[in-house]
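S.K.: Predicted model, plus sequence, below.
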Protein chains: 2
Amino acid sequence: MRFEDAVPWLHLHRLTGGGAGLRRLLTHFGDIPAICAAPRSELLPFFDGDQSPVDALRAGPDAGQFEAERAWLDDPSNHLVAITDSAYPSLLHEIPDPPPLLFVRGDATLLCAPQLAVVGSRNPSRGGSDNARAFSDYLARAGLLVTSGLALGIDACAHEAALAAGGETIAIAATGLDRVYPAAHRDLAHRIVAQGALVSEFALGTPPRRENFPRRNRLISGLSLGVLVVEAALKSGSLITARLAAEQGREVFAIPGSIHSPLARGCHALIRQGAKLVETAPDILEELGALARFVAAPPGSNATVPGTPPDPAQQELLELMGYDPVEVDMLIERSGLTPGSVSSMLLHMELCGLIEARPGGRVQRTS
Amino acid sequence: MRFEDAVPWLHLHRLTGGGAGLRRLLTHFGDIPAICAAPRSELLPFFDGDQSPVDALRAGPDAGQFEAERAWLDDPSNHLVAITDSAYPSLLHEIPDPPPLLFVRGDATLLCAPQLAVVGSRNPSRGGSDNARAFSDYLARAGLLVTSGLALGIDACAHEAALAAGGETIAIAATGLDRVYPAAHRDLAHRIVAQGALVSEFALGTPPRRENFPRRNRLISGLSLGVLVVEAALKSGSLITARLAAEQGREVFAIPGSIHSPLARGCHALIRQGAKLVETAPDILEELGALARFVAAPPGSNATVPGTPPDPAQQELLELMGYDPVEVDMLIERSGLTPGSVSSMLLHMELCGLIEARPGGRVQRTS
């Protein structure tokens, strides 16, 4: 979004506090121009009868109030994505409280890519960190985007491993994107901007506030097909993310551990509540393969989504498959491709609904 | 059962191989005298038309054939319990293939006591052995009988811990009870006879045979309210016991572990199939409290079963409780009893249906 188009959004975002208030206005009036043109009497109920924001709204934005945003948007890697934009991720439309405006640093088209959230303790064990890295490495190589919260511990391991695998990663921040929290992750944040995206629903300048972290967590799960909890104590932020994921209809995965480890308690509690116990990253892909067929295609997105036609390499693989179930090993042999690239292509093709996994490690064309 | 009464049972047990054949005869003819009095033409179909066992049956037993059994039954700690006896455990009546005759060394009345099976790997990790001991110690102190298979590893840890806690334990053998398998557990077996019971459905003299172990496993689960799998590889005997338990409608509990431990794989597979993940022994008691109310009272049993009237000490505790939910701590304080004896009494009372567990660690009278 160009700065000129962004100004009315930024104005309303600021006047409403950016969340449910702006969403209610949009739902009622349809779009920003209609809100700005609405009579005072119709606007007042949306501000609890408070005159001053209504006056400010009707006075219109003063572009001078948004110098920081102007400068921020001058950087070509910074973007605003509004809920009415075609680039807005379709999965977020499904959650109960989608953010009306997203601030994005990096590649905004990645918002629509199939992604898995990897979250966990800020103080993980050595084993937990290793698991976070190993799972994220595998998922990234298989073509899934790894989403997390840029926090210390498991979050950082997940982002780092996805980057190291040459994959893409999204970090959802609980602050304005003109700052990095925690400060120790400044370098990591820059690498994510270059090879993924930083995302926030909070206005520039928003400092870390306790109440914004659970609100941020709903976006980590909301953007993702599922949430993997690697290690988590009872009463941790990761368990909030997992609860939100379940409420949003997302799959929840948890890695078990020793009954004597306090960091396994959260995962065990989730498994007892119905989360899928996972021992390996392929366990997750197996579940997601079935799940992803229910994800609606986001309009105008060029990410891998159901309904996307196969690209030439995929088409070639489809032709090698014929119409009967075939073994993946046979496809690797016939295609001359590496096992890694075949499995990555197959995952994308399954997420697109072009193929289905069949029993015995085989795959089959759906049409 | 006295030797004189046992001879016809032993005779039929031997002629039919002791299992389904004898059960079918009992189901059809009602009791042993009726079988022995049945005309040849009615008996032949039960022996696939084979004349010789029918001739032997109609000729009647020759007591001289059972000298080993006579000597065995001369030992007052040895018993035979037939499926038609009132001492036969009611839970075994519910399984698809109850053994018609049980050989018991030790206290045969324990067969009817509420029990939990604790099973697992013959080659457990140090941590797995510790868990088996800790859970069994707690369960035994809480008044549950610990049942297992006398095998090396987890089974032995479970039996040993129950004995050390002053509790009772049942070992189900896959051989005749005139031998001990594995031989290394000869001393353990003797201690179990003195403080519990050894049980087998196999005739004296039966050596260890591969096919008898899974058959034995169905009795471990069949006698128990539930089965706890402590550590187990995929494709292990413990998983067979757990599968049989689920088929018999018994609760299955499994202890999770590191995803990198092959001995946790079996437990994780069970949890994915619906077994309850347990972190502590009280987790099990909580589940069993609700479950045990569905267990039918075995006729003539003096074990703790639903419908049993409270004993004087229990009656005193019931009076202390009043009719509102009360905290267990308060009961300990008011009764002047130790926490251990109060929780043991409460478990028995819950298993009898006299009280119910309520949220917040409280209990309440049911009537």
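M.R.: All right, it came through fine.

S.K.: Tell me the residues on the stretch 251-367 of chain A that lie near chain B, please.
M.R.: Proximity of the stretch 251-367 of chain A to chain B (C-beta under 8 Å from any C-beta of the partner chain) is limited to residues A:255-260, A:264-265, A:268, A:271-272, A:276-280. (C-beta placed from N, C-alpha, C; glycine too.)

S.K.: Give me the buried entries from these.
M.R.: In those, burial by neighbour count holds for A:255-259, A:264-265, A:268, A:271, A:276-279, counting by 16 or more other C-beta atoms under 10 Å in any protein chain shown.

S.K.: the strands in chain A, which residues?
M.R.: A:78-82, A:101-106, A:115-119, A:145-148, A:169-172, A:196-200, A:226-229, A:251-254, A:276-277, A:326-327, A:355-358, A:362-365 (DSSP state E).

S.K.: Select, out of those, the one closest to B:Ala63.
M.R.: Using C-beta to C-beta as the measure, strand A:276-277 is the one of the strands of chain A that comes nearest B:Ala63, at 57.4 Å.

S.K.: How far off centre is the closest one?
M.R.: Chain-centre distance of strand A:276-277: 21 Å, with C-alpha atoms, centre = their mean, to the nearest Å.

S.K.: That strand packs against which elements?
M.R.: strand A:251-254, helix B:262-272 (3 or more C-beta pairs under 8 Å, 6 or more residues apart in numbering or on different chains; DSSP states H and E).

S.K.: What strands line up against it, and which way round?
M.R.: Partner strands for strand A:276-277, per DSSP bridges, with pairing direction: strand A:251-254 (parallel).

S.K.: For the partner strand, what is the distance to the chain centroid?
M.R.: 15 Å.

S.K.: Looking at the buried ones among the residues of the stretch 251-367 of chain A next to chain B, spot the one nearest B:Thr147.
M.R.: Nearest to B:Thr147 among those: A:Ile259, at 21.7 Å, using C-beta to C-beta.

S.K.: Which residue, other than its chain neighbours, is closest to the closest one?
M.R.: Spatially, and ignoring its direct neighbours in sequence, A:Ile259 is nearest to B:Glu279 (4.4 Å; C-beta to C-beta, 6 or more residues apart in numbering or on different chains).

S.K.: Can you pull the phi/psi pair for the one you found?
M.R.: Backbone torsions of B:Glu279, given as degrees, to the nearest 10, read phi -110, psi -30.

S.K.: show me the contacts for it.
M.R.: A:Ile259, A:Arg265, A:His268, B:Ile255, B:Pro256 (C-beta atoms under 8 Å, 6 or more residues apart in numbering or on different chains).

S.K.: before we move on, the earlier item: quick one: closest of the strands of chain A to B:Pro182.
M.R.: Among the strands of chain A, the nearest to B:Pro182 by C-beta to C-beta is strand A:276-277 (33.1 Å).

S.K.: Now do the closest one, average pLDDT.
M.R.: Regarding strand A:276-277, the rounded mean pLDDT is 98.

S.K.: quick one: contacts for A:Asp85?
M.R.: Applying C-beta under 8 Å, 6+ apart to A:Asp85 gives the contacts A:Met1.

S.K.: pLDDT score assigned to it?
M.R.: pLDDT, read off for A:Asp85, is 92.

S.K.: next one: A:Leu57
M.R.: 91.

S.K.: Skipping adjacent residues, who's closest to it in space?
M.R.: Nearest residue to A:Leu57, sequence neighbours excluded (C-beta to C-beta, 6+ apart): A:Leu15, at 5.7 Å.

S.K.: where does chain A have low pLDDT?
M.R.: Applying pLDDT under 70 to chain A flags the ranges A:290-308, A:340, A:361.

S.K.: Not counting sequence-adjacent ones, nearest residue to the residue in it that chain B sits nearest to?
M.R.: Residue nearest to chain B within chain A: A:Pro256 (3.6 Å; C-beta to the nearest C-beta). Distances taken as C-beta to C-beta, 6+ apart place B:Pro256 nearest to A:Pro256, at 3.6 Å, with adjacent residues excluded.

S.K.: circling back to that earlier point, the contacts of B:Glu279 into JSON lines, with extra columns for distance to B:Cys352?
M.R.: Converted to JSON lines, those look like this (distance: C-beta to C-beta, whole Å):
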{"residue": "A:Ile259", "distance to B:Cys352": "30"}
{"residue": "A:Arg265", "distance to B:Cys352": "33"}
{"residue": "A:His268", "distance to B:Cys352": "31"}
{"residue": "B:Ile255", "distance to B:Cys352": "28"}
{"residue": "B:Pro256", "distance to B:Cys352": "32"}
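
S.K.: Quick check: the two most widely separated of those?
M.R.: Pairwise over those, using C-beta to C-beta, the maximum falls at A:Arg265 and B:Ile255, 13.5 Å.

S.K.: Next, give phi and psi for the residue nearest to A:Arg186 when sequence neighbours are not counted.
M.R.: Using C-beta to C-beta, 6+ apart and skipping the chain neighbours, the partner closest in space to A:Arg186 is A:Val180 (4.8 Å). Dihedral pair for A:Val180: phi -120, psi 130, per degrees, to the nearest 10.

S.K.: For A:Val180, which residues are in contact?
M.R.: A:Leu150, A:Ala173, A:Arg186, A:Ala189.

S.K.: now with 10 Å?
M.R.: Counting by C-beta atoms under 10 Å, 6 or more residues apart in numbering or on different chains, A:Val180 makes contact with A:Leu150, A:Ala171, A:Ala173, A:Arg186, A:Asp187, A:Leu188, A:Ala189, A:His190, A:Ile192, A:Leu198.
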